[in-house]
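Undergrad: I would like to see how this sequence folds:
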Amino acid sequence: MIIRLLFTSLALGVFTVFASPTLSAAQERPHDFVELSERLSPAVVNISTAQTVEIDNDNRAFPKGSPLEKFNDFFGNGGDKNRIARSLGSGFVIDKAGFIVTNNHVIEGADEIEVAFPDGATFEARLIGRDPSTDIALLKIDAGQDIPFVNFAGIDSAKVGEWVIAIGNPLGYSSSVAVGIVSARHRQMSMTNYDDFIQTDVAINKGNSGGPLFNMDGDVVGVNTAIVSPTGYSVGLSFSIPADLASSVVNQLREYGETRRGFLGVRVQKVTKNIAKAYKLKTPHGALISYISDDSPAEKAGLKRGDLIVALGGIKLENSNKLARIIAESTIDAPLKVDFIRRKKRKSLNVIVERLEEVVTKQGSDKITNDDSSMTNSVMGITVEEISDKIRSRLRLDDDVTGVRVTKISLKSIAQGMLRKGDIIMEVAQEQVGTPTDFAKKMEAAKQNEDAILLLVNRGGVPVFYSLELET
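TA: Below you'll find the model as predicted:
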């Protein structure tokens, strides 16, 4: 169970200690965490929010004339339909002017936001901007004086095995310090398109949301956001948004009040070992284009489905998830060099990145069933049929969906576990397929010339590449 670390309650107590302005500075590794805790805690704040929630009391009120009618006011029934919901999270100051970073889910929907410092001093905060896609929000307070702050660390500053410190307000216990190590980097949790979490074993709990994760230099390497737990409490699987992503979003929120992300217009998939083999790569890396939006920057630049992007702007794509991050942070209306592989040949071109306005993904959900067909063929344990007008109408397939439909996968087929009955095979070895006979010929030809056969499959309206590794 993935849990975002927001602590909700009806009452909030604030207890912290204020101190003089403090800058994060590089230093020798300490023997304990006393100095770091004392130096950094003043810049970590409690964030409490209040939100008016409408409650339907009418159905629960005792009827007029009932002996129990007098209890309606006591229980709140039939009275005020609005209640105040309060929640508690954490945040940290990033400059002396009063800018504060937290999670979007801490302040989302709030009517009032209050920030409390360690000496108990509280300030009303105003929202500068928020970004649900990365779960980052930026607040601003007017303290009337310089206040303690901390700095973001640089790119990839948190190394696996390195000591890290979390300071926050778990379960309402203010200024709590927890220590652990970085367990892993680049974790994906399917929360957003920009997942790239730092995993730690630090004891993080509800209320730590939006709080900082520090390295031993006292710089912020991450923003604590979520835990994975069967109980709802820390079991040593904590996740933080990395500093480079958080600071990039914060800079945009500070300048524009919103994020301005780049847009390429492609859907990509992970490069597996089999796909890497089909593209003659020694190790799996990059992002394989499975779909290109009409009139998108990618289409205008000449990218095609089946291109395997290996680098963007000179930055190697270690995995497919990195593409979304790089495109999002690219300069809008400026050229970006794309290095890719097409039909096993290395190529490059420049694409003009546009601003992301809105992305709408439509996926078909029609149930696929068997249908008799006048034309079928089978090769390598894969039986396919022609897409007749009857099938196209029943499955509501667009006219641009072409290929052959899988009707059976034998138990001994190398496609077992990858292809499914109902899949539409659109391409074999990056060659379009029109009929079952055409499919069989291209499969046989690929068997003679390839170590692995790359198939483009339409599954439920979503194009996906699969690589069938041939036995040697």
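Undergrad: so where's the stretch 151-300 of the chain shaky on pLDDT?
TA: Scanning the stretch 151-300 of the chain for pLDDT under 70 picks out the ranges 190-193.
Undergrad: ranges for the strands of it?
TA: With strands called from DSSP state E, counting those that start in this stretch, the stretch 151-300 of the chain shows them at 163-168, 176-187, 197-200, 212-214, 220-228, 238-242, 262-263, 266-270, 287-292.
Undergrad: again, but for the stretch 1-150 of the chain
TA: When assigned using DSSP E, counting those that start in this stretch, the strands of the stretch 1-150 of the chain occupy the ranges 2-4, 7-9, 44-54, 82-93, 99-102, 112-116, 122-124, 126-131, 136-140.
Undergrad: nearest to Val160, out of those strands?
TA: Nearest to Val160 among these is strand 2-4 (21.2 Å), distances taken as CB to CB. (C-beta placed from N, C-alpha, C; glycine too.)
Undergrad: ok, back up a step: so which of the strands of the stretch 151-300 of the chain is nearest His105?
TA: Between His105 and these, the tightest spacing by CB to CB is seen for strand 220-228, at 8.3 Å.
Undergrad: give me the distance from the closest one to the chain's centre.
TA: 13 Å (CA atoms, centre = their mean, to the nearest Å).
Undergrad: strand 163-168 and that one, what's the angle between them?
TA: Strand 220-228 runs at 70 degrees relative to strand 163-168, counting by axes from the mean of the first three to the mean of the last three CA atoms, to 10 degrees.
Undergrad: Ser413: which of the strands of the stretch 1-150 of the chain is closest?
TA: Nearest of the strands of the stretch 1-150 of the chain to Ser413, taken as CB to CB: strand 2-4 at 35.8 Å.
Undergrad: I'd like the strands of the stretch 151-300 of the chain as JSON lines, with distance to Ile326 appended.
TA: JSON lines is the format used below for those (distance: least, CB to CB, whole Å):
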{"stretch": "strand 163-168", "distance to Ile326": "25"}
{"stretch": "strand 176-187", "distance to Ile326": "13"}
{"stretch": "strand 197-200", "distance to Ile326": "17"}
{"stretch": "strand 212-214", "distance to Ile326": "23"}
{"stretch": "strand 220-228", "distance to Ile326": "19"}
{"stretch": "strand 238-242", "distance to Ile326": "14"}
{"stretch": "strand 262-263", "distance to Ile326": "8"}
{"stretch": "strand 266-270", "distance to Ile326": "12"}
{"stretch": "strand 287-292", "distance to Ile326": "10"}
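Undergrad: quick one: closest of those strands to Lys300.
TA: In this view, those are compared for proximity to Lys300 by CB to CB, and strand 287-292 is the closest at 10.1 Å.
Undergrad: other residues contacting the closest one?
TA: By CB atoms under 8 Å, 6 or more residues apart in numbering, the residues outside strand 287-292 that reach it are 265-271, 275, 298-299, 303-309, 317, 319-320, 322-323, 456, 462-465.
Undergrad: name the strands paired with it and say parallel or antiparallel.
TA: Pairing partners of strand 287-292, with direction, according to DSSP bridges: strand 266-270 (antiparallel), strand 308-312 (antiparallel).
Undergrad: not counting its neighbours along the chain, what's nearest Gly302?
TA: With sequence-adjacent residues excluded and distances taken as CB to CB, 6 or more residues apart in numbering, Gly302 is closest to Leu349, at 5.8 Å.
Undergrad: same question, Leu455
TA: Leaving out its chain neighbours, the residue that sits closest to Leu455 by CB to CB, 6+ apart is Tyr466, at 4.9 Å.
Undergrad: quick one: contacts for that neighbour?
TA: Going by CB under 8 Å, 6+ apart, the list of residues near Tyr466 reads Asn274, Ile275, Ala415, Met418, Leu419, Leu454, Leu455, Val457.
Undergrad: before we move on, back to that, what about the residue nearest to Gly302, is that helix, strand or coil?
TA: When the structure is split into helix, strand and coil by DSSP: H, G, I helix; E, B strand; the rest coil, Leu349 lands in strand.
Undergrad: right, and it touches Leu336 too?
TA: No - taking CB atoms under 8 Å as the contact criterion, Leu349 and Leu336 are not neighbours in contact, 9.8 Å apart.
Undergrad: neighbour count for these two, which is higher?
TA: Neighbour count, other CB atoms under 10 Å: between Leu349 and Leu336, Leu336 has more, with 20 against 14.
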